[in-house]
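# Here is a sequence together with a model predicted from it:
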Amino acid sequence: MSTLSRREFLGAATLAVAGTSFAAEPKLTLSTFTEEVNPPLGHPCMGGGIAPVKEIIDPLFAHGFVLQGVGKPVVLVAIDWCEIRNDAYDRWREALAEAVGTTRERVMVMALHQHDTPIADLTAQKFLDEAKAKGAICDLAFHEKTVLRVAKTVKASLKNARPISHIGTGQAKVEKIASNRRYLDEGGVVRYNRMSATRDEKIRAADEGTIDPYLKTLSFWDGETPLVALSNYATHPMSYYGRGGATADFVGLARKLRQADEPKTLQIYVSGCSGNVTAGKYNDGAVENRPELGKRLYAAMKEAWKNTKKQAITQVTFKTVPMKLAARSEKSFSEEELKKKLTENAKPFGQCLAALGLSWRKRVAAGQPIDVCALDFGSAAFLLMPAESYVEFQLMAQDIRKNDFIVVAGYGESGPGYIPIERAWKEHDGNLSDWSWIDPGSEEIMRKAMEEVLKK
């Protein structure tokens, strides 16, 4: 297919930010970047919830691109960290925005959520430091140094920008990876305890439950040359963890295999909305399962690439919708109780959880919304959702645009923790006991935000 002409683009592309739009005559270009983001030895993993880093099993990366030609530049970056929350999330967006001359609302940052990696929340760590608590979430100096190094790499990438004329869309069914945490036991009772590594054979024998069975790949092309392949699948990306080995886990293995297949095409992987989806049905935590899960994901990535169909870009829209989620109102999540836990909880991780809760409450009190972002090409779109959104939100987004190719990433602004559908609250999902800092009622708020940002 030939590159789209200037005449074809004239008046066809629009830019929409926070509900405003204007006609533009873009010359679309894309530059790619990769930078290692390995933590130092001794750095906390999963916000202090598991063993700190003892070794780097495989490198952690920030992969992404800068898209120019839709008004101010748009940045997308996927990071092999567990979560980036609150002011740490702002810091990433501000630094990358400054590097390329855009605004932070146009910087889409997402973690992949491997547990043997850092969580970044600067305010939470400062709360711990001020309380002289034993718990630790992140190294502030390491975080700032990493952000600045990635920003420098992003800025340097601009000189290698290439035109893009087409997008590609392809998908494939993933075999034997994802399963919902929710399942029915032998007595028909609802359970929510199917974890990433599930050793109970009876739990593994239960049905997969609600998942998105497809891996989707959205690609960007300069004529006949593919520049980026962005692959997306909804599952917690862990085989086993908590032993001190920093790793990109099986999703990193699959990405590495695909990069070897297509060395000139940057492979980016992003985790879908998978707060309630794990590999638990197909994984008992055995070490040998990591490469096996990687091979299964890699097979789907290869098939999605084989199934890819190209189409000329005739329109591009970037839009953000501000969304507010309330701080959790239960007494045990009140500011008073969290401050008490910060100093009195005997477990260091309990102190960390309190600090994370206080950090989210501070953000909510300041009135700062979450930006729900979409990069929209008309027949295909990339949507970024916050935190550990449940997979039902990904399916909702695809249902909003049934006839289009909608790629949905989770783990954007991760301050809220788990964002469940209402049924999970009613069924007393045990995962919501400590890693969800929001009130019930988020399902409708999330749905409205998705409808608005995906509206054509």
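Arrived safely. None of the values given here were measured: they were computed from a predicted structure. Residues are numbered from 1 along each chain as shown.

# Now do the strands in the stretch 151-300 of the chain.
162-163, 166-173, 179-180, 183-184, 190-191, 214-222, 225-233, 245-246, 266-271, 277-278 (DSSP state E, counting those that start in this stretch).

# Out of those, which is closest to residue 151?
With CB to CB as the measure, strand 266-271 is the member of the strands of the stretch 151-300 of the chain nearest residue 151 (17.9 Å). (Each C-beta comes from the backbone N, C-alpha and C, glycine too.)

# What pairs with the closest one, parallel or antiparallel?
Looking at strand 266-271 with DSSP bridges, its partner strands are strand 225-233 (parallel).

# what's the angle between the partner strand and strand 166-173?
40 degrees (axes from the mean of the first three to the mean of the last three CA atoms, to 10 degrees).

# Would you tell me which one of the strands of the stretch 151-300 of the chain is buried the most?
strand 277-278 (a mean of 28; mean count of other CB atoms under 10 Å).

# contacts for it?
Identification of contacts with strand 277-278 by CB atoms under 8 Å, 6 or more residues apart in numbering yields 178-181, 194-196, 198, 211, 234-236, 238, 391.

# In helices, which of those fall?
Those of the contacts of strand 277-278 mapping onto helices are residue 391, per DSSP state H.

# re earlier: switch the strands of the stretch 151-300 of the chain over to JSON lines; also include distance to residue 257 and mean pLDDT.
Listed next are these as JSON lines, based on distance: least, CB to CB, whole Å; pLDDT from 0 to 100:
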{"stretch": "strand 162-163", "distance to residue 257": "25", "mean pLDDT": "98"}
{"stretch": "strand 166-173", "distance to residue 257": "15", "mean pLDDT": "98"}
{"stretch": "strand 179-180", "distance to residue 257": "23", "mean pLDDT": "98"}
{"stretch": "strand 183-184", "distance to residue 257": "31", "mean pLDDT": "98"}
{"stretch": "strand 190-191", "distance to residue 257": "34", "mean pLDDT": "98"}
{"stretch": "strand 214-222", "distance to residue 257": "14", "mean pLDDT": "98"}
{"stretch": "strand 225-233", "distance to residue 257": "12", "mean pLDDT": "98"}
{"stretch": "strand 245-246", "distance to residue 257": "20", "mean pLDDT": "98"}
{"stretch": "strand 266-271", "distance to residue 257": "9", "mean pLDDT": "98"}
{"stretch": "strand 277-278", "distance to residue 257": "22", "mean pLDDT": "98"}
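
# For residue 427, find the nearest of the ones you listed.
Between the strands of the stretch 151-300 of the chain, strand 190-191 lies closest to residue 427; by CB to CB that is 5.1 Å.

# what packs against the closest one?
Contact here means 3 or more CB pairs under 8 Å, 6 or more residues apart in numbering; DSSP states H and E; on that basis strand 190-191 packs against strand 183-184.

# sec struct for residue 383, please.
Three-state call for residue 383 (DSSP: H, G, I helix; E, B strand; the rest coil): strand.

# who wins for proximity to residue 372 among the strands of the stretch 151-300 of the chain?
The nearest among those, by CB to CB, is strand 266-271 at 15.3 Å.

# just the angle between that closest one and strand 214-222, please?
150 degrees.

# Let me see the residues that make contact with strand 266-271.
Under CB under 8 Å, 6+ apart, the answer for strand 266-271 is 32, 34, 63-65, 76, 78, 110-113, 227-237, 251-252, 254-255, 258-259, 407, 409-411.

# 6 Å instead?
Residues from elsewhere that reach strand 266-271 (CB atoms under 6 Å, 6 or more residues apart in numbering): 32, 63, 78, 110, 112-113, 228-232, 237, 251, 255, 258-259, 409-411.

# on that earlier part again, is it possible to export the contacts of strand 277-278 to CSV including distance to residue 366?
Compiled in CSV, the contacts of strand 277-278 are given as follows (distance: CB to CB, whole Å):
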residue, distance to residue 366
178, 36
179, 38
180, 35
181, 32
194, 37
195, 34
196, 34
198, 39
211, 36
234, 31
235, 33
236, 30
238, 33
391, 30
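
# and the strands of the stretch 151-300 of the chain as CSV, adding distance to residue 329?
Shown next, in CSV, are the strands of the stretch 151-300 of the chain (distance: least, CB to CB, whole Å):
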stretch, distance to residue 329
strand 162-163, 50
strand 166-173, 40
strand 179-180, 27
strand 183-184, 30
strand 190-191, 25
strand 214-222, 37
strand 225-233, 34
strand 245-246, 36
strand 266-271, 29
strand 277-278, 27
